[in-house]
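Peer 1: curious how this folds, go ahead:
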Amino acid sequence: MEIRNHGAKPMANLATYCNPLSIPDLQPSRNFLVHHAEGSKGFCLTGTDPREMADPTVIRFRGRWYLFPSCGMLWHSDDMVNWTYHRIEPHDPGYAPTVVQKGDYLYLTAGTDKLWRAMEPFGPWELLGTFKDRDGRPQALADPMLFVDDDGWMYLYHGCGDGIYAIRLKDDDPTAFDTPPLRVRCPPKTDPSVVRVSTDLRVRKELSHEKVSARADCAEVAAG
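Peer 2: As a prediction, the model looks like this:
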């Protein structure tokens, strides 16, 4: 079997394995759907459907676990072992969805420019609008992470390749940036979903316009 990937050299004698777990209703890969529709194998070099549930967020809400993966949501479980699929809208808002609870609402975004909220994981999810910077310009996100601090402020972290940026969102309109993006000092190519940022120290103070050192620190958290 020969595999090609975006101009890379051919790789021979590679075996392809599928997760041995039987997962009903597992959604097809977005790359497969897009490239197959365009008549190109793209990422799915053999023409088969690899399926994917990349970059998930898992939350605990009222005694149950809810998993929001890329390319199709969502799954729920009482024991973290047995999972049940439940389609919601938005079904596929983008890669790397992130969900957080703030007050009576859950907030959802992904690799997109939009923000939704709902009072239950199953919805209905209300589209609040498009993220905007302080000048009102639309802002698209890459691999975002929402975070609600102990003081009640909601923060948005995002970035892919060129650093991670932290933004405090307005309390009365969480689609609006309350602060300019602050670049967070992290190891190269660190994903926002696997970092813990010290918002109680430098990030919070920077975004509150207090006088502190130029960049925030972060500590990488081992996945899993």
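Peer 1: residues in contact with Tyr107?
Peer 2: Val99, Val100, Gln101, Leu115, Trp116, Arg117, Leu146, Met154, Pro174 (CB atoms under 8 Å, 6 or more residues apart in numbering). C-betas here are computed from N, CA, C, even on glycine.
Peer 1: from Met80, how far out is it?
Peer 2: Distance of Tyr107 to Met80, computed by CB to CB, to the nearest Å: 23 Å.
Peer 1: got it, and Ser29?
Peer 2: Ser29 sits 25 Å away from Met80, going by CB to CB.
Peer 1: with Met73 instead?
Peer 2: 17 Å.
Peer 1: higher neighbour count, those two?
Peer 2: Comparing Met73 with Met80 by other CB atoms under 10 Å, the one with more neighbours is Met73, at 29 against 10.
Peer 1: three-state assignment of the more buried one?
Peer 2: coil (DSSP: H, G, I helix; E, B strand; the rest coil).
Peer 1: mind starting the numbering at 636 from now?
Peer 2: Let's use 636 as the start, then, which means that last one is Met708.
Peer 1: hmm, it is touching Pro732, no?
Peer 2: Yes. In this structure, Met708 is within contact of Pro732 by CB atoms under 8 Å, at 6.6 Å.
Peer 1: where do the domain boundaries of the protein fall?
Peer 2: 636-687, 690-855 (automatic domain parsing).
Peer 1: out of the ones you listed, which gets the lowest mean score?
Peer 2: Of all these, the minimum mean pLDDT falls on domain 636-687 (a mean of 55).
Peer 1: so which of the contacts of Tyr742 sit within strands?
Peer 2: Among the contacts of Tyr742, the ones falling in strands (DSSP state E) are Val734, Val735, Gln736, Leu750, Trp751, Arg752, Leu781, Met789.
Peer 1: kindly give a single ChimeraX line that selects the buried subset of those residues.
Peer 2: Per 16 or more other CB atoms under 10 Å, the buried members of the ones in strands among the contacts of Tyr742 correspond to this ChimeraX selection:
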select :734,735,750,751,752,781,789
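Peer 1: looking at the ones in strands among the contacts of Tyr742, which is nearest Glu687?
Peer 2: Each of those was scored against Glu687 by CB to CB, and Val734 proved nearest at 18.5 Å.
Peer 1: tell me the contacts of the closest one?
Peer 2: Thr692, Ile694, Tyr701, Phe703, Leu741, Tyr742, Leu743, Pro756, Leu781.
Peer 1: bridging residues for it?
Peer 2: For Val734, the beta-bridge assignment (DSSP bridges) gives partners Leu743.
Peer 1: ditto for Tyr790
Peer 2: Phe782, Arg803.
Peer 1: for it, grab the count of nearby residues.
Peer 2: 22.
Peer 1: state the distance from it to Ser705.
Peer 2: For Tyr790, the distance to Ser705 - CB to CB - is 22 Å.
Peer 1: now Tyr742
Peer 2: Counting by CB to CB - Tyr742 and Ser705 are separated by 18 Å.
Peer 1: JSON lines for the ones in strands among the contacts of Tyr742, including distance to Cys795?
Peer 2: Output for the ones in strands among the contacts of Tyr742, formatted as JSON lines (distance: CB to CB, whole Å):
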{"residue": "Val734", "distance to Cys795": "19"}
{"residue": "Val735", "distance to Cys795": "20"}
{"residue": "Gln736", "distance to Cys795": "25"}
{"residue": "Leu750", "distance to Cys795": "18"}
{"residue": "Trp751", "distance to Cys795": "21"}
{"residue": "Arg752", "distance to Cys795": "24"}
{"residue": "Leu781", "distance to Cys795": "16"}
{"residue": "Met789", "distance to Cys795": "21"}
